[in-house]
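[1] got a sequence here, can you build the structure:
(chains A, B, C and D)
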Protein chains: 4
Amino acid sequence: MSHENYSSVIQTLNDCITACNHCYDACLKEEHVNMMVKCIRLDRECADICSFLAQAIGRGTPFISELAEVCVKICESCGNECKKHDHEHCQKCAEACLRCAEECRKLVA
Amino acid sequence: MSHENYSSVIQTLNDCITACNHCYDACLKEEHVNMMVKCIRLDRECADICSFLAQAIGRGTPFISELAEVCVKICESCGNECKKHDHEHCQKCAEACLRCAEECRKLVA
Amino acid sequence: MSHENYSSVIQTLNDCITACNHCYDACLKEEHVNMMVKCIRLDRECADICSFLAQAIGRGTPFISELAEVCVKICESCGNECKKHDHEHCQKCAEACLRCAEECRKLVA
Amino acid sequence: MSHENYSSVIQTLNDCITACNHCYDACLKEEHVNMMVKCIRLDRECADICSFLAQAIGRGTPFISELAEVCVKICESCGNECKKHDHEHCQKCAEACLRCAEECRKLVA
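    Residues are numbered from 1 along each chain as shown, chains lettered A, B, ... in the order given. Okay, here's the model as predicted:
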């Protein structure tokens, strides 16, 4: 895939990063933070791996397939956890994560 | 500034990351790599600080002003270096970096 | 300063990263997570900037002084917040952060 | 494994990061940079994934095995490339990478 062809997946990764970081921030502001602990943890994991993968793709890493595989797994875990919570930030985050997992799966060789 | 108001600067940061990483990759493919050493170094510095700042803004960091200040400086250095080279990837990168520096300057208190 | 001379500050940064990440993890396991929100946030900020600075120093960044200056500020904020909590992980983290702030201050031009 | 038990692998990861970043910096200073392009690329990949894994372990990530598996692969690639070059920084880096690959392999479930 060329530089241009990757711009769509990088966009999806960036959307996921933003959703995860916003959800992380919002979870820490919730009244019942203790209910959001798993979400907070996974939001960070997910934002960080997506950020890593976006940069790696951008610099032409030879390890796209391996990194995308881990990213799929983390996005799915985060998306599945967020889906359980009714907060709007969690629902939006779940959506972004699961779409990202789907896009990244295409990069796995 | 609210979450929504930051989406424009995050977009600008993401564009800068992509341009820097693409320039980094392309510089390493140039015939005269030795002419591109400063560019390669600054592309990495710039992509990394922009990625850091984008994530930090997204998670509601209390250090936006301080981080943005460093980011302005690095974006300017990278943009000014890239501007000296005629390669299309360098010219595009210079543009993205200088636009990003301008946007980030607005975040400095 | 040469490569070797930086090894001590990189060690201090690495100790701070470990202490912050451990404190982050432990705070999220505390019964009263809602009391630890500020600590959780600052632990992440601090671990991330220390990790950034350690890598930047290692690769010979031209922006040591600017990055160290931000790092000092974030380490101090995290250290001062952690100091308020009696948990052993917070006290140890406070110590690591404040020592790291002190070391990084020497890098500010 | 407990927090304490991970301190040895985190130390190995940190040593690898330092070696890779130093090698990256030194490669960019070599007279024949064009001979070092693959090394420069892999040094960055390797430093970045090791830094990611060190932080992830420290914060109690649930994805140690998956991340360690990618890390093993990248460390081996970087170590094998560096081994081909006679420069002292490459030889030292190769050693650090291959030792790190070995340590990380123990984390793969």
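
[2] near chain B at all, stretch A:36-56?
    Yes: applying Cβ under 8 Å from any Cβ of the partner chain, one finds stretch A:36-56 touching chain B at A:Ala47, A:Asp48, A:Ser51, A:Ala54, A:Gln55. For the C-beta atoms, the positions are set from N, CA and C on the backbone; glycine is no exception.

[3] from those residues, which is closest to C:Asn5?
    Nearest to C:Asn5 among those: A:Gln55, at 29.3 Å, using Cβ to Cβ.

[4] rewinding a little: just the closest of the residues of stretch A:36-56 next to chain B to A:Val37, please.
    A:Ala47 (16.2 Å).

[5] give me the nearest residue to the closest one, chain neighbours excluded.
    Nearest residue to A:Ala47, sequence neighbours excluded (Cβ to Cβ, 6 or more residues apart in numbering or on different chains): A:Cys20, at 3.9 Å.

[6] list phi and psi for A:Glu81.
    phi -70, psi -50 (degrees, to the nearest 10).

[7] now for it, how many residues are close by?
    21 (other Cβ atoms under 10 Å in any protein chain shown).

[8] and it, how close does it get to A:Cys27?
    With distances taken as Cβ to Cβ, to the nearest Å, A:Glu81 is found 11 Å from A:Cys27.

[9] where do the contact lists of those two overlap?
    Shared contacts of A:Glu81 and A:Cys27, defined by Cβ atoms under 8 Å, 6 or more residues apart in numbering or on different chains, comprise A:Cys39.

[10] next one: phi and psi at the residue of chain A most remote from its centre?
    The outermost residue of chain A relative to its centre, with distances by Cα atoms, centre = their mean, is A:Glu31 at 24.4 Å. Note on A:Glu31: its backbone torsions stand at phi -60, psi -40 [degrees, to the nearest 10].

[11] kindly report the residues of chain A close to chain C.
    Residues of chain A lying close to chain C by Cβ under 8 Å from any Cβ are A:Leu28, A:Glu31, A:His32, A:Val33, A:Asn34, A:Val37, A:Ile40, A:Arg41, A:Arg44.

[12] which two in the residues you listed are spaced the farthest apart?
    Greatest spatial distance in the residues of chain A next to chain C: A:Glu31 and A:Arg44, 20.7 Å, computed using Cβ to Cβ.

[13] tell me where the model's unsure across chain A.
    Scanning chain A with the threshold set as pLDDT under 70 gives A:1-4.

[14] returning to what we had before: run through the residues that contact the residue farthest from the centre of chain A.
    C:Asn34.

[15] picking up where we left off before, which ones among the residues of chain A next to chain C map onto strands?
    Taking DSSP state E, every one of the residues of chain A next to chain C sits outside strands.

[16] give me the number of residues near A:Leu67?
    Neighbours of A:Leu67 under the rule other Cβ under 10 Å: 25.

[17] how close does it sit to chain D?
    As judged by Cβ to the nearest Cβ, to the nearest Å, A:Leu67 and chain D stand 6 Å apart.

[18] hang on, A:Glu76 packs against A:Ala101?
    Yes: counting by Cβ atoms under 8 Å, A:Ala101 is a contact partner of A:Glu76 at 4.8 Å.

[19] and A:Leu13, how many neighbours does it have?
    By the measure other Cβ under 10 Å, the count of residues near A:Leu13 is 29.

[20] kindly apply the preceding question to A:Ser51 instead.
    Neighbourhood size, A:Ser51 [other Cβ under 10 Å]: 23.

[21] what sits against A:Ile40?
    Neighbours of A:Ile40 in contact, by Cβ under 8 Å, 6+ apart: A:Tyr24, A:Cys27, A:Leu28, A:Val33, C:Leu28, C:Ile40.

[22] for chain A, which residues are neighbours of chain D?
    Counting by Cβ under 8 Å from any Cβ, the residues of chain A near chain D are A:41, A:44-45, A:48-49, A:52, A:55-56, A:59-63, A:66-67, A:69-70, A:73-74, A:77.

[23] try it again with 10 Å
    Counting by Cβ under 10 Å from any Cβ of the partner chain, the residues of chain A close to chain D are A:38, A:41-42, A:44-45, A:48-49, A:51-52, A:55-56, A:59-63, A:65-67, A:69-74, A:77.

[24] let me know the secondary structure of the residue nearest to A:Ala47.
    helix (DSSP: H, G, I helix; E, B strand; the rest coil).

[25] for it, give its distance to chain D.
    14 Å.

[26] gap between that residue and D:Gly58?
    Going from A:Cys20 to D:Gly58 by Cβ to Cβ gives 19 Å.

[27] and what of A:Ala19?
    In terms of Cβ to Cβ, A:Ala19 sits 24 Å off from D:Gly58.

[28] those two: which is more packed in?
    Shown here are A:Ala19 and D:Gly58; by other Cβ under 10 Å, A:Ala19 has more neighbours (28 against 25).

[29] list the buried residues for stretch A:66-83?
    By 16 or more other Cβ atoms under 10 Å in any protein chain shown, the buried positions in stretch A:66-83 come out as A:66-79, A:81-82.

[30] mind listing the strands for chain A?
    Counting by DSSP E, chain A contains no strands.

[31] right, and A:Glu69 touches D:Phe63 too?
    No: judged on Cβ atoms under 10 Å, A:Glu69 makes no contact with D:Phe63 at a distance of 11.2 Å.

[32] tell me, what's touching the two both at once?
    Here A:Glu69 and D:Phe63 have D:Glu69 as joint contacts, going by Cβ atoms under 10 Å, 6 or more residues apart in numbering or on different chains.

[33] isn't A:Gln11 up against A:Gly58?
    No: assessed by Cβ under 10 Å, A:Gln11 is found out of contact with A:Gly58, at 11.7 Å.

[34] wait, doesn't A:Arg59 sit right on D:Asp48?
    Yes: between A:Arg59 and D:Asp48 there is a contact at 9.4 Å, judged by Cβ under 10 Å.

[35] which residues do those two both contact?
    B:Arg44.

[36] picking up where we left off before, of all the residues of stretch A:36-56 next to chain B, which comes closest to C:His89?
    Of these, the one sitting nearest to C:His89 (Cβ to Cβ) turns out to be A:Asp48, at 21.1 Å.

[37] ok, A:Ala26 - contacts?
    A:Met36, A:Cys39, A:Ile40, A:Asp43, A:His87, A:Glu88, A:His89, A:Cys90, A:Lys92, A:Cys93, B:His3, B:Gly60.

[38] for the nearest residue to the second one once chain neighbours are set aside, give me its contacts.
    Of all residues not flanking A:Cys39 in the chain, A:Cys27 sits nearest, at 5.1 Å (Cβ to Cβ, 6+ apart). The contact partners of A:Cys27, taken as Cβ under 10 Å, 6+ apart, are A:33, A:35-41, A:43, A:82, A:85, A:87, A:89-90, A:93, C:37.
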